[in-house]
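[1] fold the following and give me the result.
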Amino acid sequence: MAKVLIVEDDPEGANAMRLYLQFRGHEVAVAGSGEEAMQFLESLQDGSGYDIIITDLQLPGIRGDELARRLLARCAISPKLIALSGEPSQQEAAPFHLRLRKPCKPRALVDAIDTLLGQ
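    A predicted model of the protein is given here:
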């Protein structure tokens, strides 16, 4: 299974995603902000310890699109990026592999991860 980082400022939403993904066998960490996510990644030797990073686009501080740009600039092995947004028409320039509309159903999240991992 995958090592997943969820970046979400809504604690209830983040916890629900974490529990469901753990139930499905994934190793999951949660960051409540873009800054916290960057700290997680900086603690890794090359910043590439996650297979999938799921980030809300509307984060306070470092927004999800900026977080994605910084990640891709510093990771030796780029993780797959999933953007979450409550805005259906929001098109960010950052290179996300998939975009999901919030709130997303747990099954849609698992299907997105499986698709990105080629399963």
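[2] can you give me the helices in this protein?
    Counting by DSSP state H, the chain has helices at residues 11-23, 34-42, 64-74, 106-117.
[3] now render the ones you listed as a markdown table, adding mean pLDDT and mean neighbour count.
    C-beta here means a position set from N, CA and C on the backbone, and glycine is covered the same way. Converted to a markdown table, the helices of the chain look like this (pLDDT from 0 to 100; neighbours: other C-beta atoms under 10 Å):
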| stretch | mean pLDDT | mean neighbour count |
| --- | --- | --- |
| helix 11-23 | 95 | 15 |
| helix 34-42 | 88 | 18 |
| helix 64-74 | 85 | 19 |
| helix 106-117 | 92 | 16 |
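[4] out of these, which gets nearest to residue 53?
    Closest to residue 53 of the helices of the chain is helix 64-74 (C-beta to C-beta; 6.6 Å).
[5] list the contacts of the residue positioned nearest the centre of the chain.
    The centre of the chain sits closest to residue 54, judged by C-alpha atoms, centre = their mean, with a distance of 1.3 Å. By C-beta atoms under 8 Å, 6 or more residues apart in numbering, the contact set of residue 54 is 4, 5, 6, 7, 8, 17, 82, 84, 109.
[6] which of these tops the neighbour count?
    Counting neighbours by other C-beta atoms under 10 Å, residue 7 comes out on top of these with 28 neighbours.
[7] and the pLDDT at residue 119?
    Model confidence at residue 119, given as pLDDT, is 64.
[8] for residue 105, same thing?
    Note for residue 105: predicted pLDDT of 90.
[9] still on that earlier bit, could I get the contacts of residue 54 as CSV with distance to residue 66?
    What follows is the contacts of residue 54, written out as CSV (distance: C-beta to C-beta, whole Å):
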residue, distance to residue 66
4, 20
5, 16
6, 17
7, 11
8, 16
17, 21
82, 16
84, 15
109, 22
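[10] quickly list what the residue nearest to the centre of the chain is bridged to.
    Note on residue 54: beta-bridge partners by DSSP bridges are residue 6, residue 82.
[11] next one, pLDDT for it please.
    At residue 54, the model reports a pLDDT of 95.
[12] check the one 3 residues further on too.
    Per-residue confidence (pLDDT) for residue 57: 91.
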